[in-house]
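Student: Sequence first, predicted model second:
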Amino acid sequence: MRFDKFVQPKNLKTALEILKKDPKSVILGGTTFLRISDKNYSTGIDLSALGLKYIKEVGDQIEIGAYTSLRTLETDPIINKYFGKLVPKSLENLIGVQFRNNATIGGAIFGRLGFTEIITALLVLDCELEFEENGLVPFSEFISNWKIKRDILKKIIIKKNKGKCSYKMMRNSSSDFTILSVAVSNFDKIRIAVGTRPAIATLSIKAAQLINSDKNKIEEAANLIAEEFKFGKDLRAEGKYRKMIAPVLVKRALQEVLK
Amino acid sequence: MKLKLNINNKFYNTNIDGDESLLDILRKIGFKSVKKGCDTGTCGVCSVLIDGKPTLSCQFLAARAKDVKITTVEGLGKQADEIVDLIVSEGADQCGYCGPSLVLTTYAMKKELKNPTVEKINHYLTGNLCRCSGYEGQLRGIKKYMGVK
Amino acid sequence: MMKFKEVNHSIPKVDGRGLLKGASAYTDDLAVDSALIIKLLRSPYAFAKIKTIDTKKALKIEGIECILTYKDVPRIPITRAGQGYPEPSPKDKFILDNYVRYVGDEVAIVAGTTEKVVDDAIKLIEVDYEVLEPVLDFEKAEGNKSVIHPEKEIYSMFPLGLDAKNNIACSYMDTMIVGDVEKTLSECDYVVSERYYTHAQQQTAMEPHTSTAYIDVQERLNIITSTQNPYHTRRIIGEALGKPLRDIRVIKPRIGGGFGAKQQVHNDLFTAIVTLKTGKPSKCFYTRKEVNESTFTRHQMRIDIQLGADKDGNLHAFDMHILSNTGAYGEHSLTTFMVAGSKLLPMYNKAEALRFEGKVVYTNKCSAGAYRGYGAIQANFAVESAMCELAAKLKMDPVELRLKNCIGEGESSPVFSVMGEGGEGIAQVMESCKLDYCIERGRKLIKWNKKYPSKQITPNKIRSVGTAIAMQGSGIPLLDMGAAVLKLNDDGFFNLLVGATDLGTGSDTVLSQIAAEAIGVPVDRIVITSSDTDTTPYDVGAYASSTTFVSGNAARKAGLNMRAKLIEEAARALHVVHKDDVIFEDCTFKIKDSNESITLKELSEGLYYKFGADMKQLIASGSNTSPKSPPPFMAGFVEIELDIETGKIDILDYVAVVDCGTTINPNLAKIQVEGGILQGIGMAMYEDVIYSKDGKMLTNNFMKYKIPTRKDVKKITVEFAESYDPAGPYGAKSVGEIGIDTPLAAIANAIYNAVGVRIRSVPLTPEKILNAIKNK
């Protein structure tokens, strides 16, 4: 990554103006994955001084500032109190502490990269994103379409639902990206997300329907996963392997949340 | 752009480009303990402490460093000795290229981990890659520093 | 067991504290700020001919000092392999050529004042390529219509069997044959005949390859470089540039790991030529992408094995045929291949019919080169897997099968004399061999008898054990040579100057301990310097497990010579007629049956300042080469836990029992084994060099090429056998490579013991394991 100009706008409004005006400008998150790209930008927009680093409980919600580091999320007592540590579990294997101290949750989400485990996890929670221009957007909507491209993510809002959650993943080695990630929650109903297929995570409809209709049909629901999703190949595994282990991970996750 | 950096509690005035990494600037100023080992933020040898937290200086923009406290292993002074001696007494320093960053991260780990265990130590130090030692020797030394049996 | 004062003690590495506290010590730390930055324009194609190349626009960028293409550099064929001379590798590389032979091959050398201007200039170089059909599958390389090295200058200084027009870098056929293999196999009760594949692996030293060059006041070219072999580097640079060696100095500072990666010349060629052309200091620091794509990997191999045994498990025939992939250039092609035979066949010396043959082919992939355990690790996977396959056919415990057939103390093998590294070998008798002990002890430590073959832990998880054994060498007999110089200083301490190349292994410390033991002084009286072609004596460098054994004996000889000189001078100072009457201990020279004495400090001061006509500088040297290369041995045992629904395996414990003779520094020896094992586990389980369909390396960084982290292995247990080899310095053999060999086969064997599937190609990924289980 290279950029010619480094700017620190006084507020988000000015930042958005720069972003809208200059198509070659870029919002700087933790500059982790951005740094690796060999793109040239005109302007790097830094928002680190605009108070976007926080985690707080507001009523029945948790609010997370977009500049909060992944390591802060992983270790934060509030985040660790809910969802059976689902969120920390989806973060803790990303490279190393010194990487996660730099990487931001905003950057992780906005990049919409297929291997991002936290996206799999957030999909099974009641989660909304707040943008400077587009306002509140449901998390699943942001993930499943690319309509929002030039906007500033301000915060992530998660509803403090009660119930069990489970996170399962497969990776070849401990700090590698996953071959598959699975998150399951059991609040009012069961939700199942399957990520790194290697495409970005999406929610199951059919398997979720089946398990919600009959909580005993764990095996059947898990096996449906293999039919419901498309599994592709990348460096780490073939689609066929992903298809074989997806039902296994989903089965194990369902067993945990239904125990 | 002009920048004033607080490195190991001393101030340094320097001139940087907005897109330069803290790693490159630190090496330019003369902090050669901070190494470069990869292009992707994955090896850990450039780790420094930013306000006490281990951070990859290759990914941290120098332009963002103006209001933070940067610590390199040079800045630990005598506080590094105990860690260094415990690793060296196991012969686990080996080529030493990952050494300064390992010492720094271990120092930060002791301050951060409440009830250290072998698992927690290995988790905390996962991002510190070493190709020489097989990690076992490092762990033997670091366990003593952390008070873990 | 023999008692020593200095060796066989775990002292800290002499450079350890300095390195961990961040001393400026590596090549890039030492480069001057004004050094021109060098980067390379690299080929985007696996195989192409440069039709035209235009650098005019790029040269206009402010700060660009020089851009060199194939038209601007000497056209002298070299090999970049750092090994003995004449080199047993084909001379098939130019500094730059009008052909590019893999994605990442060098097209132009660009030097400028900053990284940014150099990056900008690289983008402005206009190259018109004629894209050629690449050879990417090494099994289709021989006789392929694409000829990778059509240049007429290619040659070899050694009878390699080089056949460039058929893409053969070397071949070795009809030579290593003992007995009648076909006949013996036909008479065997049980025969295993299988094909195994091993993949390329990256060395991934943490310090990327770095070189910096400058011209000194005598107008000579000085190069500071991350090399394992400064003397070979000097010779190769001289050859490539057509320069006399007296005009070149190569300095090896601290090195951030090598593992063979730095046993070839890399960016030194570029810093040398840029500094010569511009007169200015220059430096070249490879990115990790360049390290992965454009330096060297381990040789990919296909190994066909036939083992024949009688019904009691006595091995009678051992046949190995190998196809090896050297990539675009032939560095270490023959020697790596031959080690595959020479480190495996003698290990099972009971077999009477032996054959070893094969070819090494060129492909349009990253060049293969040296990597710890080269040849041996590939063959070990095949042979040690096949041994377990044989045990299964025999319904015999694989540990018993090995004990029955492995080499023992006092024994030999005809293989030693038939083949060495590159040519004929030298007969060897095992003066120390505790392999049987290593196997027995390892079996006990892993609790083999309780755990073999496997145990179901939960409905999904099975625990099992697996084993493999290995042997290496200790340097290359009568090819490797190393020397050491000792200089006495006032105050009674010594400079030890060695050409041996500490890469972080601790050899500076080990050699200091050996020299101290030989002189009879505490090790803190030694200050070591390594290595500099101007100031330290010759040494082949750090490879082939040679330093402790070859250079160690040089340090011992230098120490003994120094001790003799000290005693002679002490006798003179004490007016003793017979030297034998002088006793040297506790840094003091005493006369037998007398109270008269002189301390080492007093003697050294006298020699420097006070002895008048007897004043002198004491210097002693030692130089060593050996017809012997005593092999270290190891037995490896692994316990794994296998998830039968996903194919995932966890390594619970890896037990290694090693016979490396006397451990000069037990801690450092242990770390050598532990580090080697983990690199072997990485290769066994997930490290893989993967290319796209058109030959681009996809695993070109640490996000895609994963090496083990400290979470990947639960436990490594290392023990040493009590052993003493009379040829070694104070009984020592080598220990640098032996640790890496066994994990591939041991883990594959454990998988077999867990679920009954045999996987004959590494890496042993969960995907492969699960597929094998499903296809059972």
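Tutor: Here it is on my side, so go on. Residues are numbered from 1 along each chain as shown, chains lettered A, B, ... in the order given.

Student: Let me see the confidence value for residue 236.
Tutor: Defaulting to chain A. For residue A:236, the pLDDT comes out at 96.

Student: Chain C was what I was after
Tutor: Reported pLDDT for residue C:236: 98.

Student: again, but for the one 4 residues further on
Tutor: On pLDDT, residue C:240 comes in at 98.

Student: is it true that it touches residue C:74?
Tutor: Yes - if you go by Cβ atoms under 8 Å, residue C:240 and residue C:74 touch, sitting 6.8 Å apart. In this view, the C-beta of every residue, glycine as well, is placed from N, C-alpha and C.

Student: And the two? Which one has more around it.
Tutor: Per other Cβ atoms under 10 Å in any protein chain shown, whichever of residue C:240 and residue C:74 has more neighbours is residue C:240, with 22 against 14.

Student: doesn't the more buried one fall inside a helix?
Tutor: Yes - per DSSP: H, G, I helix; E, B strand; the rest coil, residue C:240 lies within a helix segment.

Student: Enumerate the positions of the top helix by length along chain A that are buried.
Tutor: In chain A, taking DSSP state H as the definition, the longest helix is helix A:239-258. The neighbour-count criterion (16 or more other Cβ atoms under 10 Å in any protein chain shown) identifies A:241-254, A:256-257 as the buried residues of helix A:239-258.

Student: Quickly list what's touching both of residue C:240 and residue C:74.
Tutor: With contacts defined as Cβ atoms under 8 Å, 6 or more residues apart in numbering or on different chains, the residues shared by residue C:240 and residue C:74 are residue C:95.

Student: and the residue in the stretch 151-300 of chain C that chain A sits nearest to, how many neighbours?
Tutor: Closest contact between the stretch 151-300 of chain C and chain A, by Cβ to the nearest Cβ, is at residue C:289 (10.2 Å). A total of 17 residues lie near residue C:289 under the criterion other Cβ under 10 Å.

Student: Please verify my assumption that it contacts residue C:40.
Tutor: No - counting by Cβ under 8 Å, residue C:289 does not reach residue C:40; the two are 11.3 Å apart.

Student: quick one: buried residues of the lengthiest helix in chain C?
Tutor: Ordering each helix of chain C by length in residues (DSSP H) puts helix C:552-573 first. Of the residues in helix C:552-573, C:552-563, C:565-567, C:569-573 count as buried by neighbour count, 16+ other Cβ under 10 Å.

Student: What helices and strands are in contact with that helix?
Tutor: Using 3 or more Cβ pairs under 8 Å, 6 or more residues apart in numbering or on different chains; DSSP states H and E, the elements in contact with helix C:552-573 are strand C:482-488, strand C:494-498, helix C:507-519, strand C:582-585, strand C:588-591, helix C:600-605, strand C:619-624.

Student: Dump those into a markdown table; add distance to chain B, mean neighbour count and mean pLDDT as well.
Tutor: Compiled in a markdown table, those are given as follows (distance: least, Cβ to the nearest Cβ, whole Å; neighbours: other Cβ atoms under 10 Å in any protein chain shown; pLDDT from 0 to 100):
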| stretch | distance to chain B | mean neighbour count | mean pLDDT |
| --- | --- | --- | --- |
| strand C:482-488 | 20 | 26 | 98 |
| strand C:494-498 | 17 | 25 | 98 |
| helix C:507-519 | 8 | 28 | 98 |
| strand C:582-585 | 28 | 16 | 96 |
| strand C:588-591 | 30 | 18 | 97 |
| helix C:600-605 | 27 | 20 | 98 |
| strand C:619-624 | 25 | 20 | 98 |
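
Student: Show me the contact partners of the strand or helix carrying the residue of the stretch 151-300 of chain C closest to chain A.
Tutor: For residue C:289, the host element (DSSP states H and E) is helix C:288-294. Helix C:288-294 is contacted from outside by B:37-40, B:43, C:40, C:42, C:103-106, C:202, C:204, C:208-209, C:261, C:286, C:366, C:689, C:697, C:699-702, C:705, using Cβ under 8 Å, 6+ apart.

Student: Which of those residues fall in strands?
Tutor: Judged by DSSP state E, the contacts of helix C:288-294 include C:40, C:42, C:106 as members of strands.

Student: Going by neighbour count, which of these comes out on top?
Tutor: Among the ones in strands among the contacts of helix C:288-294, residue C:106 has the most neighbours (other Cβ under 10 Å), with 23 neighbours.

Student: can you tell me which helix in chain B is longest?
Tutor: Max-length helix for chain B by DSSP H is helix B:99-112.

Student: Do you know the pLDDT at the residue lying closest to residue C:390 once chain neighbours are set aside?
Tutor: Leaving aside its sequence neighbours, residue C:390 sits nearest to residue C:192 (Cβ to Cβ, 6 or more residues apart in numbering or on different chains; 4.7 Å). Predicted confidence (pLDDT) for residue C:192: 98.
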